[in-house]
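**Student:** Quick one, fold the following:
(one chain, ligands or ions: 2)
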Amino acid sequence: LTKELKALRHLPAETTDGYQVPLYLNTGLVSESRPLGIEESAGVGLYRTELPFLVRDSFPGEAAQMANYRQVLELFAPRPVTIRTLDIGGDKPLPYFPMKEGNPFLGWRGVRITLDHPEIFLAQVRAILRAAVGLDNLQLLLPMISTITELEDALQLIHRAHDELREEGYQVWMPPVGVMIEVPAAVYLIDSLARRVDFLSVGTNDLTQYLLAVDRNNPHVAELYDEFHPAVLRALMQIVSGARVHGREVSVCGEMAGDPLAIFLLLGMGVHSLSMGAGSLLRVKRVIRSISRTRAREMLQTALQCEDGASVRRLLLGELESMG
Ligand code: PEP
Ligand code: MG
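**Tutor:** Ligands and ions are numbered 1, 2, ... in the order given. I've put the predicted structure just below:
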């Protein structure tokens, strides 16, 4: 880290015209977030829960999961920790849970698996709710939602886990629940989704992959994968305005949130917070601290006139360079 970046550690992520943009961490194993002092983030915007499932040879039980979630909740308390329910499938198959599919990214993945196996979902949600007893910083996030039925089924299971734990005598509480907006269908359902949840988190990695029909891990089409593609920008605009109607906050937790170039656009749109890998935090903070929201809005308007991602990128690079 350069001296200049280090100096930003304890300064707020605030634009030159006084607009605050909380910066959260994406993490998956608690140890990963220790090196970069946890104080510089506003909390955890995306806790990926797949890792403990991937490193074992069978499903971790409720107690083992609970210990894991407790650790991260305590480490960041009182700052919010957004724990995402299991998002296996796609590029993260479990060795002990056979899935042979021709198109795994279009297949059994995320809530599609856990709603077909409510015992897996319930065990995880019970572990998460129990881990938060005595704390107040938990938020729950649902991956890969593409229908309202999925959301309602998941909400029903969460309430069931909560009620059963209460009956068993645990002092659990209902956390805010949010959905990942990462399937194009969810963009068009934004009104119905926003109405039913407490917050929205945009997974630009999957949203880009699915909007552009480009496998995010396939080198042959890597050049077509572009978060600045006008279709992605328009989808983001639609998400933010749909959420606004219901007064819901929108966070972006895909790689885009950690890209200094994207900050102009996300700020201009009025995204409320950003969540990124620890390595991006200070670089993003530096950009936020050197621009105004007014300028970001202007940049966004110009970017929306562009007809391809390369032009958007050129525009943003020019702006970043002119800032020095
Ligand atoms: C995303 O899709 O942008 C995201 C944050 O989730 P993941 O990368 O874990 O699929
Ligand atoms: Mg995703």
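**Student:** so what's residue 129 closest to, chain neighbours aside?
**Tutor:** Spatial nearest neighbour of residue 129, excluding adjacent residues (Cβ to Cβ, 6 or more residues apart in numbering): residue 172 at 4.3 Å. Using the backbone N, CA and C atoms, a C-beta is placed for each residue, glycine as well.
**Student:** Correct me if wrong: the one you found contacts residue 135.
**Tutor:** No - Residue 172 is beyond contact range of residue 135, at 10.9 Å (criterion: Cβ atoms under 8 Å).
**Student:** neighbour count winner among those two?
**Tutor:** Comparing residue 172 with residue 135 by neighbour count (other Cβ atoms under 10 Å), the higher total belongs to residue 172, at 22 against 15.
**Student:** Am I right that the more buried one sits in a helix?
**Tutor:** No - looking at residue 172 with DSSP: H, G, I helix; E, B strand; the rest coil, it is coil, so not inside a helix.
**Student:** How about the residues of the stretch 101-250 of the chain by ligand 1?
**Tutor:** 182, 203, 204, 205, 206 (Cβ under 6 Å from any ligand atom).
**Student:** pLDDT weak spots in the chain?
**Tutor:** Applying pLDDT under 70 to the chain flags the ranges 1, 30-37.
**Student:** Would you mind measuring from the residue nearest the centre of it to residue 135?
**Tutor:** Against the mean C-alpha coordinate of the chain, by Cα atoms, centre = their mean, the closest residue is residue 253 at 3.3 Å. From residue 253 across to residue 135, the span is 21 Å (Cβ to Cβ, to the nearest Å).
**Student:** All the strands of the stretch 51-200 of the chain, residue numbers only.
**Tutor:** 81-84, 138-142, 177-181, 199-202 (DSSP state E, counting those that start in this stretch).
**Student:** Could you dump these into TSV with distance to residue 24 added?
**Tutor:** Below are the strands of the stretch 51-200 of the chain laid out as TSV (distance: least, Cβ to Cβ, whole Å):
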stretch	distance to residue 24
strand 81-84	7
strand 138-142	10
strand 177-181	13
strand 199-202	10
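**Student:** Would you reformat those strands as JSON lines and include mean neighbour count?
**Tutor:** JSON lines is the format used below for the strands of the stretch 51-200 of the chain (neighbours: other Cβ atoms under 10 Å):
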{"stretch": "strand 81-84", "mean neighbour count": "26"}
{"stretch": "strand 138-142", "mean neighbour count": "24"}
{"stretch": "strand 177-181", "mean neighbour count": "26"}
{"stretch": "strand 199-202", "mean neighbour count": "25"}
